[in-house]
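Student: sequence first, predicted model second:
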Amino acid sequence: MSSSTKSLDPAFQGAGQKVGTEIWRIENFQPVPLPKSDYGKFYSGDSYIILQTTSGKGGYGYDIHFWFGKDSSQDEAGTAAIKTVELDAVLGGRAVQHRELQGFESDKFLSYFKPCIIPLEGGFTSGFKKPEEQKFETRLYICRGKRVAKIKQVPFARSSLNHDDVFILDTEKKIYQFNGSNSNVQERAKALEVIQHLKDKYHDGTCDVAIIDDGKLQAESDSGEFWVLFGGFAPIGKKVFTEDDLVLETAPVKIYSINGGQLKLEEDNPSKALLENNKCYLLDCGAEIFVWVGRVTQVDDRKAASKAAEDFIIDQNRPKMTCITQVIQGYETQSFKSNFESWPVGTGTGTGTSSGDEARGKVAALLKQQGVDVKGAPKGSLVSEEIPPLIEGNEKLEVWLINGSAKTPIPNEEIGKFYSGDCYIVLCTYHAGEKKEEYYLCCWIGKDSIQDDRVMSTARLCNTIWNSLKGRPVQGRVFQGKEPPQFIAFFQPMVVLKGGISSGYKKFLADKNLNDETYTSDSIALIQVSGTSVHNNKAVQVDAVAASLSSNDCFLLQSGSSVFAWHGNSSTTQQQQWAARVAEFLKPGVALKHTKEGTESSAFWFALGGKQSYTSKKVIQDIVSDPHLYTISYVKGNLEFTEVFNFSQDDLLTEDMLILDTHSEVFVWVGQYVDSKEKQKAFHIGQKYIDLAVSLEGLSSDVPIYVVIEGYEPCFFTTYFSWNSAKAIAQGNSFQKKLSLLFGPVMHASESNKPNNVNHNGPTQRASALAALSSAFNPSSSSLLQSNNKPNSVNHGGPTQRATALAALSSAFNPSSSSLPQSNYKANNVNHDGPTQRASALAALSSAFNPTSSTKTLAPKPSGPRQGSQRAAAVAALSSVLTAEHKRADSDTSTARISRSPSPGPRAAVTVPLRTQSVDSGLENLLESSVGKENIELDGYQSENNVVDTEATEDSNKGEPGGECTYSYEQLRATSSNPVRGINYKRREVYLSDAEFQTVFGMTKELFYQQPQWKQDVQKRKKELF
């Protein structure tokens, strides 16, 4: 890359010398380093340059982001873009460059500033004055994102709320989280992290936190306080979609060459061979635009390419949030390479250090000529080998040989011998700390094994053991020659021998008329002993010729009754001791003939077929690159893997399945809340990822793969995280876990008890219910104006009737003080006046909601779904009140009867008075009529939270849904991401088709409903249909 003669900015000297984040703000059109105390503060009137330095295979990697505030000037934004090119030059021309717009930042950028960034108004440059400290201002934020939080301040008004999102209301004394009824549980969890951030940063960690659930009219103080801040409770509107909600879709990939800022369409199906190193190209993927820059392009060409990408978005009328990423030849990202059918691994892929060091050297020489001293430009360095964490603790090791359709146990004295023509199953039982028994289950596949044995070991026999242990073991698949450290460490020693002893392998040799070279104790065999530690000490039988020797290792040469221990000149004492141990394992009691390299006898060379030249070069093992975590999703039926940047344990969400690729191993992590059918596909999904990574990243197709279930993570998995055991054992979904971890088990318990978590303090709850009912009966003038097609003649009977009903209910809920003394005398009896009065009030209310047919013809049309929802909500509140009264009456009656009864009677004798039951059933009928007859969808008020929780009879349980409506099990699950609406949420199972019902419950509907009610409920809970 050539550059202008102008000196590069000295502010960048020494940049990128260590792992971490560096930030510069553009001040007076010059980059100025930002104090670390201000990292994460971004002002909407400024532009910034952010450098992220990471360590990886072959040295450092760089990402440069230039961030534009919504109020920053074009000149400042242009300066940031130009200075980014200069910073890239200092780094050797290998950085990936990203454009970031305020409000539309990439996940990678946001991952540097977890849990979130909240841009501040104002700025430090371009005429903006530094914002002065002001009084605390109540702010309302909308919070989106599952693993990185995207926070946006919205107007502090009820109209900003909706049922689909999560909101944070930050007041001086308390922070509220409002969970829309349709909001994602993972976004709710992420919002809790944001609340903790706000609490620590702006409230000195002392303010209270409250969770408000949409659609649940609760009368506890938190809910009441929240709605008071918005002027009182009222239904909220449906979500209004904006540009923020736009989801960019991928499009068929097109590639354009860029010449002088002009685009020329090249191919619809791009290939790596098309890219020339002296040109720039634009790759249009729809949702993202890539600019590919050849290594020998001019600086002006690179600037022109960046501007061409900006113009392309405008000319194509693409959303301004469209991502633009610039990659340099040789350092392409996986997201860029994934748009090609294949990306041949070789020169220019950025996996080695030579190309980067060469480019860095050329740029450094150029800068030195220009008088710019580039200090400390780090050279790629290899990472020293470390012993990984290994399983410890009373290990019990069992090994089986795959023999046809069965598995044959390996005797203890033979455990550690593996034949390359066979497959084995290994089960290790161990104790991790104070935990119960843990399991490691793995298939070892020899390189010469037959396909039938491979399928039998992995697809059937191993799965049978896994299921018998209730899905707890870490389940792996290991290929010969790619054994991970943990596998090798189980066997002391581990020896891989030629041939095979299984019936399938023997039959294969016979069918193909091949010679059987299986190792025997009296055959001529040469065994290489390598490795220096417990996790890499492995002995492998090699061809018995002199060319197989290496000066860096030890070898055992078996010839008849003689065994030679040959020590290479560069071998270590540990290897020599290990060789003796392997010899004792293979031939107990054998007398070794120690032979140092250069002192071999003629008998030694004779056994090898004569003396030949052999290598003395040390083989350097592949250095493991930094690990990468990927989410898994289905897009139009195809699997897609999306990287989680700067990942942590918090990104392992219990509802998800993720891929952890360490380059030497691939883990498929499966959360507890993942659907059981999806769990069975874990190995298949992992293999799909490996197939993709083989073509794009050069990953070995024989890389070990493990399936790890949440809660049973082994130490060799957790080592890639800063592991917190408390997080690992937390129970519940993502939101419940985070709630418990951040704010304690008390709030978690309170939350988990909802929707029945209602404060039964009568006066408070009744007041809340009456307020909701009052709002339902007396809509505001603004609501009345929204009514459509109202006739000129209005039936005034409705309002009068409703007022009467409201008065009756008020009397029912708030009895006069004169009646209070009377109630005091009824200490051991149920007060029947209340239920009677309430039943009367309920009848009036029912009449108010459901006027006669003659009245209906004269009445105006309802004002719309909002009014219907409001009425349903009011009835729901009343339902909760009466249910509480019902339960107290039940308790009181039970106590009274037991205290008076001389002998215990049948349980059925403890009943609720008939008049109380009539109130409950009347209220249930009222709810059904007010919702069902008016055919109004409850805006976020799910019926499972609103219907009175009375016991259903067996006859009603046998009923089918109205019509012939059936839905998939995935839609009907309580935790579904795509829930079905308008059903009876307490009877989810009846909406399953007969076939799917049989699949889910393992029985027909008839047999299911013949079971006791409690047993039905248990099974429904297990299937998330309760």
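Tutor: Perfect, I can see it now.
Student: test my guess that D1017 contacts F1026.
Tutor: Yes - the criterion here is CB atoms under 8 Å, and D1017 meets it with F1026 at 6.2 Å. C-beta coordinates here come from the backbone N, C-alpha and C atoms, glycine included.
Student: more neighbours, the two?
Tutor: Comparing D1017 with F1026 by other CB atoms under 10 Å, the one with more neighbours is F1026, at 17 against 14.
Student: per-residue pLDDT of the residue lying closest to the more buried one once chain neighbours are set aside, please?
Tutor: Nearest residue to F1026, sequence neighbours excluded (CB to CB, 6 or more residues apart in numbering): K1020, at 4.0 Å. As predicted, K1020 sits at a pLDDT of 88.
Student: hang on, K1020 in a helix?
Tutor: Yes - applying DSSP: H, G, I helix; E, B strand; the rest coil, one finds K1020 inside a helix.
Student: for W444, see how far away G481 is.
Tutor: 11 Å (CB to CB, to the nearest Å).
Student: who's more crowded, the two?
Tutor: For G481 versus W444, the count of surrounding residues by other CB under 10 Å is larger for W444: 24 against 13.
Student: mind pulling up the pLDDT for the more buried one?
Tutor: 96.
Student: tell me the secondary structure for it?
Tutor: strand.
Student: list the contacts of the spatially closest residue to it that is not a sequence neighbour.
Tutor: Closest residue in space to W444, ignoring its immediate chain neighbours: Y424 at 4.5 Å, by CB to CB, 6+ apart. Contact partners of Y424, counting by CB atoms under 8 Å, 6 or more residues apart in numbering, are 399-402, 410, 418, 443-444, 457.
Student: and for the residue nearest to V240 when sequence neighbours are not counted, the neighbour number?
Tutor: Spatial nearest neighbour of V240, excluding adjacent residues (CB to CB, 6+ apart): N162 at 7.5 Å. N162: 22 surrounding residues under other CB under 10 Å.
Student: try H663
Tutor: Counted with other CB under 10 Å, H663 comes out at 20.
Student: I'd guessed it sits against L699; true?
Tutor: Yes - using CB under 8 Å, H663 makes contact with L699 at a distance of 6.9 Å.
Student: give me the number of residues near E1024?
Tutor: 15.
Student: could you list the low-confidence segments of the stretch 251-400 of the chain?
Tutor: The model of the stretch 251-400 of the chain has pLDDT under 70 over residues 268, 345-386, 393-394.
Student: let me see the ranges of the strands in it.
Tutor: 254-259, 262-267, 280-284, 288-293, 323-328, 396-403 (DSSP state E, counting those that start in this stretch).
Student: quick one: the residue nearest to Q329 when sequence neighbours are not counted from R302, how far?
Tutor: Leaving aside its chain neighbours, Q329 sits nearest to R295 (4.5 Å; criterion: CB to CB, 6+ apart). For R295, the distance to R302 (CB to CB) stands at 11 Å.
Student: so the two - more neighbours on which side?
Tutor: Comparing R295 with R302 by other CB under 10 Å, the one with more neighbours is R302, at 23 against 18.
Student: ok, what's across the strand from the closest residue to the more buried one other than its chain neighbours?
Tutor: Leaving aside its sequence neighbours, R302 sits nearest to V293 (CB to CB, 6+ apart; 5.5 Å). Using DSSP bridges, the bridge partners assigned to V293 are C280, I328.
Student: residues contacting V293?
Tutor: 280, 301-302, 305, 326-329.
Student: got the contact list for the residue nearest to K320 when sequence neighbours are not counted?
Tutor: Of all residues beyond its chain neighbours, the one nearest K320 is L101 (6.6 Å), with distances taken as CB to CB, 6+ apart. By CB under 8 Å, 6+ apart, the contact set of L101 is 67-68, 70, 320-321.
Student: pull out the buried residues from those residues.
Tutor: By neighbour count, with 16 or more other CB atoms under 10 Å, those hold 67-68, 321 as buried.
Student: quick check, nearest of the residues you listed to A726?
Tutor: W67 (35.0 Å; CB to CB).
Student: give me the element that closest one is part of.
Tutor: Using DSSP states H and E, W67 sits in strand 59-68.
Student: now T408
Tutor: Counting by DSSP H and E, T408 is part of strand 406-409.
Student: what's the answer for C143, then?
Tutor: Judged by DSSP H and E, C143 forms part of strand 139-144.
Student: got the contact list for that strand?
Tutor: 116, 118, 149-157, 160, 165-170, 187, 190-191, 194, 244.
Student: just checking: what are the partner strands of it?
Tutor: strand 150-154 (antiparallel), strand 166-170 (antiparallel).
Student: can you pull the buried residues of that strand?
Tutor: 140-144.
Student: and which of the residues you listed is nearest to E678?
Tutor: R144 (24.7 Å).
Student: from Q558, how far off is the closest one?
Tutor: From R144 to Q558 the distance is 66 Å (CB to CB).
Student: which of the residues in stretch 478-488 are buried?
Tutor: Buried, per 16+ other CB under 10 Å, within stretch 478-488: 478-480, 482-488.
Student: mind checking which of those residues land in strands?
Tutor: In strands, defined here by DSSP state E, the members of the buried residues of stretch 478-488 are 478-479.
Student: identify the bridge partners of Y256.
Tutor: L265, L282.
Student: surely it is in contact with L275?
Tutor: No - between Y256 and L275 there is no contact under CB under 8 Å: 12.0 Å.
Student: give the contact list for the closest residue in space to A149 that isn't next to it in sequence.
Tutor: Closest residue in space to A149, ignoring its immediate chain neighbours: C116 at 4.0 Å, by CB to CB, 6+ apart. By CB under 8 Å, 6+ apart, the contact set of C116 is 110, 143, 148-151, 193-194, 197.
Student: in the protein, which residue is closest to the centre?
Tutor: For the chain, the residue nearest the mean C-alpha position is L653 (4.2 Å; CA atoms, centre = their mean).
Student: against K1015, how distant is that residue?
Tutor: 32 Å.
Student: ok, T458 next?
Tutor: Taking CB to CB, one finds T458 at 37 Å from K1015.
Student: who's more crowded, those two?
Tutor: T458 (19 against 11).
Student: excluding chain neighbours, what is closest to the more buried one?
Tutor: C443 (5.0 Å).
Student: mind checking which of the contacts of strand 139-144 are buried?
Tutor: For those, buried by 16+ other CB under 10 Å: 116, 118, 149-151, 156, 160, 165-170, 187, 190-191, 194.
Student: pLDDT at Q998, what is it?
Tutor: 89.
Student: check contacts around it.
Tutor: Contacts of Q998 by CB under 8 Å, 6+ apart are T1004.
Student: roughly how far apart are it and F1026?
Tutor: Taking CB to CB, one finds Q998 at 19 Å from F1026.
Student: and the nearest residue to A547 once chain neighbours are set aside, how far from N552?
Tutor: In space, and not counting its chain neighbours, A547 is closest to Q612: 4.9 Å by CB to CB, 6+ apart. Distance from Q612 to N552, counting by CB to CB: 17 Å.
Student: which of those two has more neighbours?
Tutor: Each of Q612 and N552 has its neighbours counted (other CB under 10 Å); N552 has more, 17 against 12.
Student: find the nearest non-adjacent residue to that one, please.
Tutor: In space, N552 is closest to S570, 4.6 Å off (CB to CB, 6+ apart).
Student: kindly report the same for H203.
Tutor: Closest to H203 by CB to CB, 6+ apart is I175, at 7.4 Å.
Student: wait, a helix at the one you found?
Tutor: No - assignment of I175 by three-state DSSP gives strand, placing it outside any helix.
Student: residue contacts, it?
Tutor: 168-169, 195, 198-199, 203, 207-210.
Student: what about those, which are in helices?
Tutor: Of the contacts of I175, the ones assigned to helices by DSSP state H are 195, 198-199.
Student: dump those residues to JSON lines, plus pLDDT.
Tutor: Formatted as JSON lines, those follow (pLDDT from 0 to 100):
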{"residue": "I195", "pLDDT": "95"}
{"residue": "L198", "pLDDT": "93"}
{"residue": "K199", "pLDDT": "93"}
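Student: with that, I have no additional questions.
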